[in-house]
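**Student:** A predicted structure for the sequence below; I have some questions about it.
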Amino acid sequence: MKCECFSCVTDLLDYLQNNLLIAHYCGFNIMKPLPSYWTLDRFINSLDNDLLQNLMHSQVKKLYELGVIDTSFIVLDSTPIMANTSQNNPKSFKKDKFNPDNQPKSDKDCALGVHTASNQHNEKKCEFYWGYKNHVPVDCITGLPIFELTTTANVSDSTVALDILSQTNSFLPVNECTFIADKAYDVKAIYNTVKDVYEGDCVIPLNKRNTKNPKKLSSGHPICEAGLAMNKDGKCRSEGRIRQKYCCPFRNSKSGCCPCNHKNWNNGKKHRGCTKYITVHDDYRLSIDRDCISFKKIYSLRTEAERYNARFKQTGQERLWGHSENAAKNLNTIAHIALLAVAYAAFITKSNYSVRCLKSAKRIA
């Protein structure tokens, strides 16, 4: 089903009924009626996902032993998986279809999420949907997945990153890897774990999170609104970080006066004037030089995750035909197994086609 890129199981049944030889190679007894839609539906909903996960892990380990997959550069990204519900239909005019309290009746396990509908830097467009997320770390060299995790759509990407690395390292070594991700993974715990536990490096752009960049001199002293350099006034530690405090240059002056007549100067307190805080770069996250050429070169490898997600969606996983979380997990894992099987077939047959090209593999077969 995934190799033929069918989006629903009815297309699979029609294909097998018209191609009994392929049904025979798939293991079905063509002398008897093929399984019905409801049989396959029960199979997908009741199958233990751990069985499929073990199969995918064995594929990844085999490709790693053959030298196809490499873990030097790993990129992590997630892709939205829409649930099979009418509330995801763009032509639906149902009232409050994206209300968190309006749970779809067809899928009681899915959750409300949001995804970016445009990759343009100057265009911020987001869309709501009911469904799940598929988190996939991808090998940047071959563009193949090394692990996958399906969660509900309301789970943040950064909250599962460390769990994904830990589970991946349990069967495939990721030590001394270069971890690449977008701004959604800009969390201090991820930086420290990759550096301290896996002895690797992080290539993640800084998420400023609505922080303001004050005007500074070459010495690092900020400039107040009056255009004067502010003086250091000690350091403070809060929320696990060290911040340098700067105060007004006229703070301790008995005859000084604020040139711009700022409201903080006329606050009536003993210590008048403006104060600003600048975080001291004492941790790994803030010590990374994100303007250097090497950082930009390595970060450009993140597009491999987007290319793989595009191939993953072509297998019919952009929208599910199942109606439960276990069905979503099984269908996602089967799609990854199919794409890994193509890479393995390309290697053992020594064919002149890419390990990522599904159509070429089907033509040769």
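**Tutor:** Cool, got the structure.
**Student:** Now do the residue positioned nearest the centre of the chain against residue 307, distance only.
**Tutor:** The centroid of the chain falls nearest to residue 77 when counting by Cα atoms, centre = their mean (2.5 Å). Separation of residue 77 from residue 307 (Cβ to Cβ, to the nearest Å): 10 Å. The way it works is simple: take the backbone N, C-alpha and C, and place the C-beta from them, glycine included.
**Student:** all helices for the stretch 201-350 of the chain, in order.
**Tutor:** Secondary structure of the stretch 201-350 of the chain (DSSP state H, counting those that start in this stretch): helices at 284-287, 293-299, 303-312, 325-348.
**Student:** Figure out which of those is closest to residue 64.
**Tutor:** helix 325-348 (11.3 Å; Cβ to Cβ).
**Student:** if you average pLDDT over that closest one, what comes out?
**Tutor:** For helix 325-348, the mean per-residue pLDDT is 91.
**Student:** got it, and stretch 300-320?
**Tutor:** For stretch 300-320, the mean pLDDT works out to 89.
**Student:** Give me the distance from that stretch to the chain's centre.
**Tutor:** How far stretch 300-320 lies from its chain's middle: 12 Å, per Cα atoms, centre = their mean, to the nearest Å.
**Student:** Show me what counts as buried in that stretch.
**Tutor:** By neighbour count with 16 or more other Cβ atoms under 10 Å, stretch 300-320 contains the buried residues 301-302, 304-305, 308-309, 311-320.
**Student:** and if you look at stretch 232-242?
**Tutor:** Within stretch 232-242, the residues that count as buried by 16+ other Cβ under 10 Å are residue 233.
**Student:** To which secondary structure element is residue 127 assigned?
**Tutor:** Element membership of residue 127 [criterion: DSSP states H and E] is strand 126-139.
**Student:** Could I get the contacting residues of the residue nearest to the centre of the chain?
**Tutor:** Residue 77 makes contact with 135-136, 138, 181-182, 302, 305-306, 309 under the criterion Cβ atoms under 8 Å, 6 or more residues apart in numbering.
**Student:** Could you rerun that using 6 Å?
**Tutor:** Each residue near residue 77 by Cβ atoms under 6 Å, 6 or more residues apart in numbering is listed here: residue 305.
**Student:** Pretty sure it sits in a strand.
**Tutor:** Yes - counting by DSSP: H, G, I helix; E, B strand; the rest coil, residue 77 is part of a strand.
**Student:** State the distance from it to residue 306.
**Tutor:** 7 Å.
**Student:** How about residue 43?
**Tutor:** As judged by Cβ to Cβ, residue 43 and residue 306 stand 32 Å apart.
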